[in-house]
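>>> Build the 3D model from these lines:
(2 chains)
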Amino acid sequence: MKRTIALLALTSLLFTSCSSEPTLQKYFVDKAEDKNFLALDIAPSFIKTDKMQLTPEEQTALKSLKNVNIIAFKANDKNMGAYEKELGEVKKILKDDSYEELIKFNRGAMGASINTKGEGQNIEELVLFANDKTNGFGVVRVTGENMTPNNVMTIVGLLQKANLDMDQLKPLQAMIERK
Amino acid sequence: MKKLFVAFVFMLIPTMFYAQSVFTKFEDKADVTSVIVNKKMFQLMGQMKMDPKDKDAQQYLNLVKKLDNLKVFTTTNTKNANEMKATVDGYLKANPLEELMRINKDGSNVKIYTKQGATPTQLKELLMFIEGNKTETVIVSLTGSFDMNDISVLTDKMNLPGGPELKKAAAKKQ
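Numbers count the residues shown, from 1 in each chain, chains lettered A, B, ... in the order given. Here you go, the predicted structure:
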């Protein structure tokens, strides 16, 4: 009898520990269907490197990159209430979901922040968050393995010189044009 | 009664550890422009490779490694400016910092406070408060373990408000 109780207590503990907190990942999944949002996944193949000679450094940098998820909220006159609500939610998740805030900028109805998850200089997740009352807000979540600051810089450099697969960005372009 | 006291002490503990957080309330204010840079960012920036020949960049990197926190708040709203002044005054009362210099120029009042580290030029904290009567009111708070001389590099690179005043202060320290 005692054992069952102990077991029950243990299982209940297991459940509480993994389900309650809303994570950014879950938020991305939830909002992908929402009509106010635009969700976009970009694979590292977005950077077309097959025709390029990559230095070993660039190769490791590319390998450290796994996936890029983007979610954007398009603000208009009608969804101001939803904008405030969702904005608050994202801010709350960033605070609760053990992200470390690197830098934050705020000016009037505009704001931006860079957040990371990971130990030391090995970044597992990089989250860019920008909001502006007239346009909406966007969250870019970059996941990877051992993304060091140098790797990130190398990737930025690659973005500048490599051919980009613009097809993957089409939905985003469409959204901007719709405005 | 005892319980109440214990509860009270526990409530106070966070305020003791995060003395700096008195300024946090300005972070999300609509009329306040804020820039917050945290230790992790400085650590990551310190890891970046830069051209070893570029002396400015190297000096910059060295400084960045020594910093913990940078907070800048600016506002042109009078109500916020008054609140900032009150907060700075309250903060200085609770954490006495040494007044390094005071400048009056073109109607704005610049005050620079520091907390000294092991040596006279070694600083643990720098707080600058610019009180603008008609212009911007600014709070700059910098913590870490840095040298006064390094600061001019930072103000140059980051384009911080009050740069010239800080340079004067650095010259005075030497």
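
>>> for the chain, which residue is closest to the average position?
This is for chain A. A:Arg141 (1.6 Å; CA atoms, centre = their mean).

>>> Chain B was what I was after
B:Ser141 (1.0 Å).

>>> for that residue, which residues make a bridge with it?
Applying DSSP bridges to B:Ser141 gives these bridge partners: B:Lys71, B:Leu127.

>>> That one contacts B:Asp68, correct?
No - using CB atoms under 8 Å as the test, B:Ser141 is too far from B:Asp68 to be in contact (10.5 Å). (Glycine included, C-beta is placed from N, CA and C.)

>>> Chain A contacts on chain B?
Taking CB under 8 Å from any CB of the partner chain as the measure of proximity, chain B contacts chain A at B:27-38, B:40-41, B:43-45, B:47-49.

>>> Please check these and keep the buried ones.
Buried by 16 or more other CB atoms under 10 Å in any protein chain shown: B:27, B:29, B:32-38, B:40-41, B:43-45, out of the residues of chain B next to chain A.

>>> Just send those back as JSON lines, with secondary structure and distance to B:Lys85 too.
Output for these, formatted as JSON lines (DSSP: H, G, I helix; E, B strand; the rest coil; distance: CB to CB, whole Å):
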{"residue": "B:Glu27", "secondary structure": "coil", "distance to B:Lys85": "18"}
{"residue": "B:Lys29", "secondary structure": "coil", "distance to B:Lys85": "15"}
{"residue": "B:Val32", "secondary structure": "strand", "distance to B:Lys85": "13"}
{"residue": "B:Thr33", "secondary structure": "strand", "distance to B:Lys85": "17"}
{"residue": "B:Ser34", "secondary structure": "strand", "distance to B:Lys85": "17"}
{"residue": "B:Val35", "secondary structure": "strand", "distance to B:Lys85": "20"}
{"residue": "B:Ile36", "secondary structure": "strand", "distance to B:Lys85": "20"}
{"residue": "B:Val37", "secondary structure": "strand", "distance to B:Lys85": "24"}
{"residue": "B:Asn38", "secondary structure": "coil", "distance to B:Lys85": "25"}
{"residue": "B:Lys40", "secondary structure": "helix", "distance to B:Lys85": "31"}
{"residue": "B:Met41", "secondary structure": "helix", "distance to B:Lys85": "28"}
{"residue": "B:Gln43", "secondary structure": "helix", "distance to B:Lys85": "33"}
{"residue": "B:Leu44", "secondary structure": "helix", "distance to B:Lys85": "34"}
{"residue": "B:Met45", "secondary structure": "helix", "distance to B:Lys85": "32"}
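
>>> can you list the weak-confidence ranges in the chain?
All of this refers to chain A. The model of chain A has pLDDT under 70 over residues A:1-2, A:5, A:7-21, A:175-179.

>>> nope, chain B please
By pLDDT under 70, the weakly predicted segments of chain B are B:1-21, B:155-161, B:172-174.

>>> Quick one: the helices in it, in order.
B:2-17, B:39-47, B:55-65, B:78-94, B:148-158, B:163-173 (DSSP state H).

>>> From what I see, B:Thr137 and B:Lys111 are in contact.
No - in terms of CB under 8 Å, B:Thr137 does not count as a neighbour of B:Lys111; the distance is 11.7 Å.

>>> quick one: common contacting residues for these two?
Contact criterion CB atoms under 8 Å, 6 or more residues apart in numbering or on different chains; residues shared by B:Thr137 and B:Lys111: B:130-131.

>>> Can you pick out the residue with more neighbours from those two?
In terms of neighbours (other CB atoms under 10 Å in any protein chain shown), B:Thr137 is the more surrounded of B:Thr137 and B:Lys111; the figures are 25 against 18.
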